[in-house]
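> just coords:
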DNA sequence: GCAAAAGTGTTTTGCCTACACCCATGT
DNA sequence: ACATGGGTGTAGGCAAAACACTTTTGC
């Protein structure tokens, strides 16, 4: 895809509306493959030969009329084809030099009508099932790709900062709220859930303690269904109890109360 | 103070620099008087007769060149005279209708060169000693006033939302990090600290348990100093242990770990 | 029957909670 | 000596952490 096609794509949906020059959204989309956290990045290799940070977080300017959350959803959709993603805002990044690095200029000049404008970006993160993205390989599939979190060492602009803060945010969030509703399949085993937690914290967890802890939260419903066709004792499937899940999402399950 | 004076005040420090049309900062400044949380609000009564929400959070547009944190500090300083305040970002508010309410238009028209521009605001909060503000009654003292948190029922724009989210944020933050470094005097008694926590959570706390808990965190240094001239057993003064305090600020003291 | 992953229980330790009285000072 | 707020200890329950073996299935 050429740059002009890219630019056109970004504006196609709302030709009558004007882009804000100064406000963008960036999305950190985490996926889980059963083993490892991945992040959905835009692949700009065609245009950015020999640049360490050819991959970038999906993000772009918002429209003047649109809500930030909507903008994040729209931009993510336009760049990756994803729809109906629950995005959560975790910060605003506004260093006046955040898009002034020399190496980032060619891209900006190609993509922005005013490449020198100062842009504050509102950062969002989402957790999705990687399969949701893989199973819908659109024309975007060439542009957006999953990259294992641990393999990401450079990103353009301040995207590496944003990524690191998102990981931090995700970890802190996971300590006080259940996680996985958007990341695990609808039915999943406790061990799959444990692997997710191990991936988020990058750390082995004792399976007896993990199970007890999760079960005691009463946030899962045990199903009458087992794995089939596995060459070992089949695991029982669970799913989230929506009410409990949402009440924990709101209130958290802090222990340090007074 | 007239509106034009107000407008001038807001721009006096950087006449050569241009205001962003679309990005503002708003600050929720909490103060503690030993009993109750207060919030520092701008008093617009002179200009806003008969309007329920004459008081507003201190906030304004940022300059194109300036960092968000700097902008928050500057705006707060210009509107209240406060300096050297530690501000923490807690969210961005970008509903496209957030400043479209009819009752808010007169003020916007008076204060903004482009009152119809869409503005996303980055919200900050700070905790300060109320005495720091009281003891420096500048010309601002008439404009900015402390209002007890519980007495605030309406605010213009989306400021009431912002305020509520800041309270939420403050409470959640207090559960996982020490609070008070910027809110309590340098030396303080455990009971003063307890009253602060009671104010934040709006709830009585058992003093034996509170003391044990705080002491066990090892975030305080006991001083060799007592209250003097009080008609009861003098309390021992404590101060924050900076290293421990900052390490907790970074890491938090979660109990729900794996 | 064996490989592979699922699932289960106990003990120890520390923290949270609830609760009531004595202490040091000024007047 | 009394009023005022400061300061302390203990017992019971619950959750966290550490730790190893048995179960069920496919092949």
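In hand now; what should we look at? Because the structure is predicted, anything quoted here is derived from the model rather than measured. Residues are numbered from 1 along each chain as shown, chains lettered A, B, ... in the order given.
> so which helix or strand takes in residue A:35?
Of the helices and strands defined by DSSP states H and E, none includes residue A:35.
> That one contacts residue A:194, correct?
No: taking C-beta atoms under 8 Å as the definition, residue A:35 is not a contact partner of residue A:194, at 11.9 Å. Where C-beta positions appear, they are placed from N, C-alpha and C, glycine not excepted.
> after whatever helix or strand residue A:90 lives in comes which helix or strand?
Residue A:90 belongs to strand A:87-93 when assigned by DSSP H and E. Remark: after strand A:87-93, the chain's next helix or strand is helix A:105-111, criterion DSSP H and E.
> closest point of the stretch 1-150 of chain A to DNA strand C, which residue?
Closest contact between the stretch 1-150 of chain A and DNA strand C, by C-beta to the nearest atom of the strand, is at residue A:34 (10.6 Å).
> just to revisit the earlier point, could you list the buried residues of the strand holding residue A:90?
Neighbour counts over strand A:87-93 (16 or more other C-beta atoms under 10 Å in any protein chain shown) mark A:87, A:89-93 as buried.
> nearest to residue A:143, of these?
For those, the minimum distance to residue A:143 (C-beta to C-beta) is 19.1 Å, reached by residue A:87.
> residues contacting the closest one?
Taking C-beta atoms under 8 Å, 6 or more residues apart in numbering or on different chains as the contact definition, residue A:87 lies against A:27, A:69, A:72-73, A:76, A:124-126.
> how close does it sit to residue A:20?
Distance, residue A:87 to residue A:20, using C-beta to C-beta, to the nearest Å: 18 Å.
> Likewise for residue A:194?
In this view, residue A:194 and residue A:20 are 43 Å apart by C-beta to C-beta.
> Could you do residue A:209 as well?
48 Å.
> picking that back up, among the contacts of residue A:87, which are located in strands?
A:27, A:124-126 (DSSP state E).
> Tell me the most packed of the residues you listed, by neighbour count.
Counting neighbours by other C-beta atoms under 10 Å in any protein chain shown, the top entry in the ones in strands among the contacts of residue A:87 is residue A:124, with 29 neighbours.
> just checking, that one touches residue A:71?
No: counting by C-beta under 8 Å, residue A:124 stays clear of residue A:71, with 9.2 Å between them.
> List the residues that are in contact with both of these two.
Contact criterion C-beta under 8 Å, 6+ apart; residues shared by residue A:124 and residue A:71: residue A:25.
> what about residue A:34, neighbour count?
Close neighbours of residue A:34, defined as other C-beta under 10 Å, add up to 13.
> Now do the contacts for it.
A:192, A:195.
> Please apply the same query to residue A:95.
Counted by C-beta under 8 Å, 6+ apart, residue A:95 has contacts A:158, B:67-68.
> And those, which is closest to DNA strand D?
residue A:158 (34.1 Å).
> Let me know the pLDDT of that closest one.
Per-residue confidence (pLDDT) for residue A:158: 97.
> so residue A:239 touches residue A:225, yeah?
No: the criterion here is C-beta under 8 Å, and residue A:239 misses it with residue A:225 at 9.6 Å.
> Those two: who's more crowded?
residue A:239 (17 against 13).
> Compare neighbour counts for residue A:209 and residue A:20 and give me the winner.
Taking neighbours as other C-beta under 10 Å, residue A:209 and residue A:20 compare with residue A:20 leading, 24 against 10.
> Over to the more buried one. Which of the three states is it?
Three-state assignment for residue A:20 (DSSP: H, G, I helix; E, B strand; the rest coil): strand.
> residues from chain A in reach of chain B?
Within chain A, the positions adjacent to chain B are A:20-23, A:62, A:64-68, A:71, A:89, A:91-92, A:94-96, A:118, A:120, A:122, A:172, A:175-176, A:197, A:201, A:203, A:205, A:209-210, A:213, A:252-258 by C-beta under 8 Å from any C-beta of the partner chain.
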